[in-house]
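[1] sequence first, predicted coordinates after that:
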Amino acid sequence: MNVLNALLWVIFTLLVSFVFGYLVQRMLGLRLGLIRLLLGGGLAVIVTQPIMAGLVLKTWNDGYRGQVGWFWLLAALAVLFTSMLFLVVAEAFVPYGSVPPAREWGAGLRGRLRRSRRYFQIVRILFRHGLWPYVRGGRRRALGTPAGRARFGAALTAALNDAGVTFVKLGQLLATRRDLVAGEVVDELKKLQDDAAPIGWDEAKAVLEAEFDAPLSQVFADIDERPLAAASVGQVHAATLLDGRRVVVKVQRPGISATVERDLDIAFRLADRLEAWTDWAASSGAARLAEGMAIALREELDYRVEAANLLAVAGTPTAGSSQAVRIPRVYPEWSGERVLVMERLDGVRLADAPNIADPLGTARTVLDFLLHQITVDGLFHADPHPGNILMLADGRIGLLDFGSVGRLDAALREALQRLLLGVDGADPLAVTDALLELIPRPEDVDIEELERDLGRFLARYVVGGALGSAGGAQMFGQLFRVVAAHRLAIPPEVAAVFRALGTVEGTLTEIAPRFDLVTEARRVAAGLAGERVSADGLKSAAVDELVSLAPILRRLPRRVERVMAAAEHGRFGINIRPLADERDRAFIRGLLNQVIITVIAATAGVMAVVLLSIAGGPQVTPSVSLYQLIGYNFLLVAAILGLRAVAPVFRHDRS
């Protein structure tokens, strides 16, 4: 029976606490979690007894039973204020949402235990390579010199290589963002190697048979157990299908997805902490970079994405019309999340190809194809490094590894074409306009200063003539610096364009040292301009514009007639709805609500002070006058309303 009574008492206490907490939640106008709601209500339950004993029971026992009602009201307001004050202070120091919900505590604890060992490994790597002082925000002077930045880049590269596939990919992403990372650091990060020892054939075979749900003999006539190449995510085997077609089979490493997800979680947490601790991480947007890297890496872990990319690229006009570049055929029926089967192209890496008859012509072919993919198709190979470009036996170019592709909508493609044309004409006004269409424009950007900086940029890299084999890399680096100096944030899809162009330049200068990306890009831009102003191009553009304008043109005469008739009869007017957007109305309502509550709270406070300062008046008890009693009530009302006005400040952008 005692156990039952105790259980009933606990249930009753929780129920009363919930009711009190819900009332306090309504008074604060905030949404509270269940735990916080019960804590606030529980505090109200705890303080109710001493407050009631000190006010209500004392008045009753002193014989002033007719005045008890006044003290009941005062006690209730005191209990409510105490609970509200507790919750507002809790919101200020432990904001809602900063602590995971109770239902996630078990999973969160297990996750922390799983991450602990990896955290210690990463911390040891940071200490071993001397990076911990940088993580804590120190050595700012060292980062202020080129030699210091180079040392930091070398240490960072070694640490990322030791940390594994996820952090190698993060470093490779950083190596493409000269707008965010110093050039000396980028030069070191380019040395990151995405290679690994191959897994055993038994492991690879198990993955293949699990994906095919059949023995390999039912899919392949033969398959080479020795991999052609191995990387940190997967490896490639040569094989022959049952019908004799020669293919390559890309198989993912077992367990790599779980490893990557664990490391991504750690990378997100490290990025958030670095942004909070250091200026350089906050200015470079470490969390945003980690998010972009996570999206790209998760796509790379799903070979169905690469299969879809291959099919999409093969169906573009540029790939369909090109006689000089080949895209391997993919076999979707044999491809899945962890296995990709595609046509085998016979050739060697472009950089290793012996005796290329026309190196400069080959380099132009690759650049033309990539630029047409970017500016015409809007779907392009985003990682054209030397290992992904083959010189085929028949003299054509083969492109591999479409796990990373860039996508541009029509507006961005048009802006890029205008940017190339502006660069070709050395026109800073045209380049500025095109750049501001590619990049979100901040409200405080100085357009005139941006035009002057771009004019100096064009004078140095375009008007000044060819700069040799390093011209393109220098040009992109300087363009990134101009963009960063004006606090213009480059969107990921636009950054992918510059990354691809910077990567392909390094690839092509290996086979043609005199290849100048700036000059060749200007040549392609002139060709694109010629295509746009040709008879067929103008006809197509005119037809497209007329089709889009036809509905407007049909309605235009009637609307002009209505406007003229209204003006003639004096009925012409303009209707303006400055608060048509619901978000604007909601903001105004919230602001007025806070102002009204604040005014009422201030008024109640002033009335309380006035009443408490009045001497004499009717006595409720020998020690308390009616004016004082009403003043205390007004004081608590003012305090409660003040808490109601203050509480949303601590919930800013959280609710």
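    Received, thanks.
[2] what count of nearby residues applies to Ala489?
    15 (other Cβ atoms under 10 Å). No exception for glycine: its C-beta is placed from N, CA and C like everyone else's.
[3] let me fix that, I meant to ask about Arg253.
    So Arg253, with other Cβ under 10 Å, has 22 neighbours.
[4] try the one 5 residues further on
    By the criterion of other Cβ under 10 Å, Ala258 has 10 neighbours.
[5] next, the buried residues of the helix or strand encompassing it.
    Ala258 is part of helix 256-277, with elements assigned from DSSP states H and E. Residues of helix 256-277 classed as buried by neighbour count (16 or more other Cβ atoms under 10 Å): 256-257, 260, 263-268, 270-271, 274-275.
[6] any chance of JSON lines for those, columns distance to Met84 and pLDDT?
    As requested, the buried residues of helix 256-277 are exported to JSON lines (distance: Cβ to Cβ, whole Å; pLDDT from 0 to 100):
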{"residue": "Ile256", "distance to Met84": "51", "pLDDT": "84"}
{"residue": "Ser257", "distance to Met84": "48", "pLDDT": "84"}
{"residue": "Val260", "distance to Met84": "46", "pLDDT": "83"}
{"residue": "Asp263", "distance to Met84": "44", "pLDDT": "81"}
{"residue": "Leu264", "distance to Met84": "41", "pLDDT": "83"}
{"residue": "Asp265", "distance to Met84": "37", "pLDDT": "80"}
{"residue": "Ile266", "distance to Met84": "39", "pLDDT": "79"}
{"residue": "Ala267", "distance to Met84": "40", "pLDDT": "78"}
{"residue": "Phe268", "distance to Met84": "35", "pLDDT": "80"}
{"residue": "Leu270", "distance to Met84": "38", "pLDDT": "75"}
{"residue": "Ala271", "distance to Met84": "37", "pLDDT": "77"}
{"residue": "Leu274", "distance to Met84": "37", "pLDDT": "71"}
{"residue": "Glu275", "distance to Met84": "34", "pLDDT": "72"}
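[7] identify, from those residues, the entry nearest to Lys169.
    Lowest distance from Lys169 to the buried residues of helix 256-277 (Cβ to Cβ) belongs to Val260, with 8.5 Å.
[8] give me the nearest residue to that closest one, chain neighbours excluded.
    Distances taken as Cβ to Cβ, 6 or more residues apart in numbering place Thr166 nearest to Val260, at 5.3 Å, with adjacent residues excluded.
[9] ranges for the strands of this protein?
    Assigned by DSSP state E, the strands in the chain fall at 220-223, 229-230, 234-241, 246-252, 325-326, 339-343, 347-349, 379-381, 389-392, 397-399, 405-407, 619-621, 624-625.
[10] in terms of secondary structure, what does the first one contact?
    The contact analysis (3 or more Cβ pairs under 8 Å, 6 or more residues apart in numbering; DSSP states H and E) places strand 220-223 against strand 234-241.
[11] if you average pLDDT over the strand it packs on, what comes out?
    Across strand 234-241, the average pLDDT comes to 92.
[12] that one pairs with which strands?
    strand 220-223 (antiparallel), strand 229-230 (antiparallel), strand 246-252 (antiparallel) (DSSP bridges).
[13] lowest average confidence across those, which one?
    Among the strands paired with strand 234-241, strand 229-230 scores lowest, at a mean of 82.
[14] about what we covered before: what's the most distant pair in the buried residues of helix 256-277?
    Maximum distance among the buried residues of helix 256-277 (Cβ to Cβ): 27.8 Å, for Ile256 and Glu275.
[15] so how many other residues sit close to the residue nearest to Leu143 when sequence neighbours are not counted?
    Spatial nearest neighbour of Leu143, excluding adjacent residues (Cβ to Cβ, 6+ apart): Arg149 at 5.8 Å. By the measure other Cβ under 10 Å, the count of residues near Arg149 is 20.
[16] what does the one 5 residues further on give?
    A count of neighbours around Ala154, defined by other Cβ under 10 Å, yields 17.
[17] could you do Ala296 as well?
    20.
[18] could you do Arg326 as well?
    Using other Cβ under 10 Å, Arg326 has 19 other residues around it.
[19] show me the beta-bridge partners of the residue lying closest to it once chain neighbours are set aside.
    With sequence-adjacent residues excluded and distances taken as Cβ to Cβ, 6+ apart, Arg326 is closest to Gly398, at 4.9 Å. Beta bridges link Gly398 to Arg326, Leu390, judged by DSSP bridges.
[20] contact partners for Gly398?
    Val325, Arg326, Ile327, Pro328, Leu345, Gly347, Ile389, Leu390, Met391, Leu392 (Cβ atoms under 8 Å, 6 or more residues apart in numbering).
[21] same deal with Ala150?
    Glu184, Val185, Asp187, Glu188.
[22] which residues does the third one contact?
    Asp187 is in contact with Ala150, Gly153, counting by Cβ under 8 Å, 6+ apart.
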